[in-house]
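Student: Generate coordinates for the sequence data below:
(2 chains)
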Amino acid sequence: MDPLQKIYRILLLIIISFVGWITIPFFSPLILILIFSFLLTSIFLQSVDYIEGYLKSRVIGVITVLGTSITVSILFIGSFFTSFGIQIKTFSNKIQKDNFTVAVENLSSKITSLLPEFFNNLIPESDKIILMTKNFMVNIFQNVLALLGSAGNFVFIIFMVLIFTIILLIEYHDFKRSLVRFIPNKYLEIGLRTIYNIEQQISKYLRGQILAASSVAILSIIGLFILNKIGANITLVIFIGIIAGLANLIPMVGPFIGMIPAILIALMNNIGNESALTHYIFNVIPSPFFIFDIILMFIIVQQIDNNFITPLVIGESVGLHPMVVMIVLIIGGTLIGPLGMLFAIPAAGVLKVLLREIIFISKNSHLL
Amino acid sequence: MEALYKNFFRKKDNANPVLKALEEIPIFENLLKKELRKIVQLTHERKYKSNEYVFKKHAPAEGMYVILDGKIEIRDPKSRNIFANLNSGDFFGELALLDEKPRSASAVCSEPSRLIGFFRTDLLTLIKRYPELGNKILLNLSRVLGERLRETNKNIIELN
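Tutor: Numbers count the residues shown, from 1 in each chain, chains lettered A, B, ... in the order given. Coordinates of the predicted model:
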């Protein structure tokens, strides 16, 4: 290549990158909508293709798949909020009563007596605990109100994601064909292979994640039922299980997020219950309010998931070294927070495919 | 009135050169018009200059090509031996639909050409979206390869 042309290309690349860097904040909501739509399309594409094969209509396939998913999601979210509302109401009634104050005082003195003197200074006074709990409740209500305030924007984004997903699902194969038109003849076959491999990588990863999340949800539900059998008194078991499964989609951090609602609900339901306060795991380790039982149960579920389910369903779909996974997660998390962690692995998988093809092209340029 | 009928009611399929070309290919034999239309939606029409390579020997193979217009030379780049001169309506590279082995020869355009590409990924999509149609194509493909094998056997026997 002519050196002047090379300089011109590098300059053009720098200018495009600079303009992109400046304009990205303005387009970030749109980019996010497109990423979500693309991910949803990848999740539903197989089912739509499959239904289209039988019903001979792609539109009906899209309506069937999305309609079913939306109905199930609405039913889940609706019943979750109803049940969670009842739970909060019961708990607020509980803290209004006098015996709640007594229970917290009992709990505080019990823990103080159990722990060595050094730790006693770290345990807050019972009055403070009551105040903290009440503030916690007020905070929850304030957050719910703030959430409702931003609900307008959220609904708009969801609506746009839905519209984009419908369009992408209906027109997916035509879009792909249009994209292929831009590939030069020289790179046509390798380009098609790259697109196919990226599609496979994403869809395999997503399907694997959904399967792993479902199994974590089912195992957590079973575990929580078992804990209830020994008197843990945990309500909203199915919702907690599903939340744990969904949280599992975020690697490394997800499992810890998953156990928080279970611990919170166990605390809410068992506060004031003497036997729950003095509960021991295997009659050896003290586990007030079954907290350590819950943690142990989630650790067991995680072990089953990490050692049996994930290798089976996700396995080599992404094929990244655990060290690379951790680095990629840190980068994703630092750049765009939890969403970054969610997208980090599939994005790394796509980059891996691209890198593999680029290396192949650079090594075999004489064949193209 | 006839002009009006032609403009509004006549099916435009006959005017579609891709559809017409595919109809003549043994791999797409005995397919209904609507099935062929589904295949047309998946194929890629490409334009090549004279002396431009469609693919080179040993390159990774992804699919087959049908010549819409132009001429293609199938040759060995080292010995310069020409294995075949292909014209409009001919097809090549169909083995790549089934296996992932590299190309066994190079394909070069002897004049500006227009080709239709049908690739393994398209076939896989087709099998997923329309399994019945996918099966028909696979059956046709097996028949074409079977015929070629029989022909090769006959040639070997004749040579011996």
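
Student: Just give me the neighbour total for the closest residue to A:Gly223 other than its chain neighbours.
Tutor: Spatially, and ignoring its direct neighbours in sequence, A:Gly223 is nearest to A:Met297 (4.1 Å; CB to CB, 6 or more residues apart in numbering or on different chains). (C-beta placed from N, C-alpha, C; glycine too.) Neighbourhood size, A:Met297 [other CB atoms under 10 Å in any protein chain shown]: 21.

Student: ok, now which ones touch A:Met297?
Tutor: A:Ser220, A:Gly223, A:Leu224, A:Ile226, A:Leu227 (CB atoms under 8 Å, 6 or more residues apart in numbering or on different chains).

Student: could you dump the residues you listed to CSV with neighbour count?
Tutor: Below are these laid out as CSV (neighbours: other CB atoms under 10 Å in any protein chain shown):
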residue, neighbour count
A:Ser220, 31
A:Gly223, 23
A:Leu224, 26
A:Ile226, 12
A:Leu227, 20
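
Student: of all the residues you listed, which comes closest to chain B?
Tutor: Of all the contacts of A:Met297, chain B sits closest to A:Ser220, with 33.4 Å by CB to the nearest CB.

Student: State which helix of the chain is the longest.
Tutor: No chain specified, so I'll use chain A. The residue-count maximum for a helix in chain A (DSSP state H) belongs to helix A:3-55.

Student: was after chain B, sorry
Tutor: Max-length helix for chain B by DSSP H is helix B:131-159.

Student: And that helix, how far out from the chain middle?
Tutor: Counting by CA atoms, centre = their mean, to the nearest Å, helix B:131-159 is centred 15 Å from the centre of its parent chain.

Student: Quick one, grab the pLDDT at A:Thr278.
Tutor: A:Thr278 is assigned 77 on the pLDDT scale.

Student: doesn't A:Pro288 make contact with it?
Tutor: Yes - A:Thr278 is within contact range of A:Pro288, at 7.4 Å (criterion: CB atoms under 8 Å).

Student: who's more crowded, these two?
Tutor: Neighbour tally, A:Thr278 and A:Pro288, criterion other CB under 10 Å: the higher count belongs to A:Pro288, 18 against 12.

Student: ok, and the closest non-adjacent residue to the more buried one?
Tutor: A:Leu277 (5.2 Å).

Student: Please report the distance of the one you found from A:Leu264.
Tutor: Going from A:Leu277 to A:Leu264 by CB to CB, to the nearest Å gives 16 Å.

Student: what do you get for B:Glu24?
Tutor: 70 Å.

Student: one step back: which other helices and strands contact the longest helix of chain A?
Tutor: helix A:58-96, helix A:151-181, helix A:188-229, helix A:322-363, helix B:120-129 (3 or more CB pairs under 8 Å, 6 or more residues apart in numbering or on different chains; DSSP states H and E).

Student: For the helix or strand following the third one, buried residues please.
Tutor: The reference is to helix A:188-229. Using DSSP states H and E, the helix or strand that directly follows helix A:188-229 along the chain is helix A:237-247. Of the residues in helix A:237-247, A:Val237, A:Ile238, A:Phe239, A:Ile240, A:Gly241, A:Ile242, A:Ile243, A:Ala244, A:Gly245, A:Ala247 count as buried by neighbour count, 16 or more other CB atoms under 10 Å in any protein chain shown.

Student: I figured the fifth one hits A:Ile218, correct?
Tutor: Yes - here A:Gly241 reaches A:Ile218: they are 7.0 Å apart, a contact under CB under 8 Å.

Student: thinking again about what came up before, give me the more crowded residue out of A:Leu277 and A:Leu264.
Tutor: A count of neighbours by other CB under 10 Å puts A:Leu277 above the other of A:Leu277 and A:Leu264, at 17 against 14.

Student: ok, the residue lying closest to B:Asp69 once chain neighbours are set aside - contacts?
Tutor: Spatial nearest neighbour of B:Asp69, excluding adjacent residues (CB to CB, 6+ apart): B:Arg114 at 4.4 Å. If a contact means CB under 8 Å, 6+ apart, then B:Arg114 has B:Glu45, B:Arg46, B:Lys47, B:Tyr48, B:Ile67, B:Leu68, B:Asp69, B:Gly70 as its contacts.

Student: now the end-to-end length of stretch A:361-368.
Tutor: Using CA to CA, to the nearest Å, one end of stretch A:361-368 lies 8 Å from the other.

Student: Quick one: mean pLDDT for that stretch?
Tutor: On average, stretch A:361-368 scores 75.

Student: Now tell me what touches stretch A:356-368 from outside.
Tutor: Contacts for stretch A:356-368 (CB under 8 Å, 6+ apart): A:Lys186, A:Tyr187, A:Ile190, A:Arg193, A:Thr194, A:Asn197, B:Lys56, B:His58, B:Ala59, B:Pro60.

Student: Buried residues in it, which are they?
Tutor: Under 16+ other CB under 10 Å, the buried positions of stretch A:356-368 are A:Glu357, A:Phe360, A:Ile361, A:Leu367, A:Leu368.

Student: Any idea how far it is from the middle of the chain?
Tutor: 36 Å.

Student: near chain A, which residues of chain B show up?
Tutor: B:41-42, B:44, B:46, B:48, B:52-56, B:58-63, B:117, B:119, B:121, B:124-125, B:128-131 (CB under 8 Å from any CB of the partner chain).

Student: Just the buried subset of the residues you listed, please.
Tutor: B:42, B:44, B:46, B:48, B:53-56, B:58-63, B:117, B:119, B:121, B:125, B:129-130.

Student: in chain B, which spans are strands?
Tutor: In chain B, the strands defined using DSSP state E lie at B:44-48, B:53-55, B:63-69, B:72-75, B:82-86, B:91-92, B:106-109, B:113-119.

Student: Run through the residues of chain A sitting next to chain B.
Tutor: So far as CB under 8 Å from any CB goes, chain A lies against chain B at A:46, A:49-50, A:52-53, A:173-174, A:177, A:180-181, A:185-186, A:188-190, A:192-193, A:195-196, A:364, A:366-368.

Student: So in the chain, where's the weakest helix or strand by average pLDDT?
Tutor: Just so you know, I chose chain A. helix A:117-120 (a mean of 58; mean pLDDT, DSSP states H and E).

Student: which non-adjacent residue is nearest B:Gly117?
Tutor: B:His44 (4.3 Å).

Student: Any regions of the stretch 201-350 of chain A where pLDDT drops low?
Tutor: A:251-252, A:313-319 (pLDDT under 70).

Student: Tell me which of the helices and strands packed on helix A:3-55 sits nearest to B:Glu151.
Tutor: helix B:120-129 (23.8 Å; CB to CB).

Student: Residues contacting the closest one, please?
Tutor: A:46, A:49-50, A:52-53, A:173, A:192-193, A:195-196, B:38-39, B:42-43, B:62-63, B:96-98, B:100, B:133-135, B:137-138.

Student: Equivalent analysis for stretch B:76-86, please.
Tutor: Against stretch B:76-86 from outside (CB under 8 Å, 6+ apart): B:Lys56, B:Lys57, B:Ile67, B:Lys71, B:Ile72, B:Glu73, B:Ile74, B:Arg75, B:Phe92, B:Ala105, B:Ser106, B:Ser110.

Student: Just the buried residues out of those residues, in ChimeraX syntax.
Tutor: A single ChimeraX command selects the buried members of the contacts of stretch B:76-86 (16+ other CB under 10 Å):
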select /B:56,57,67,71,72,73,74,75,92,105,106
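
Student: can you put the contacts of stretch B:76-86 in a markdown table and add pLDDT and distance to B:Ile82?
Tutor: Below are the contacts of stretch B:76-86 laid out as a markdown table (pLDDT from 0 to 100; distance: CB to CB, whole Å):
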| residue | pLDDT | distance to B:Ile82 |
| --- | --- | --- |
| B:Lys56 | 90 | 15 |
| B:Lys57 | 89 | 13 |
| B:Ile67 | 93 | 16 |
| B:Lys71 | 94 | 12 |
| B:Ile72 | 94 | 11 |
| B:Glu73 | 93 | 6 |
| B:Ile74 | 92 | 7 |
| B:Arg75 | 91 | 5 |
| B:Phe92 | 91 | 13 |
| B:Ala105 | 91 | 10 |
| B:Ser106 | 92 | 10 |
| B:Ser110 | 93 | 10 |
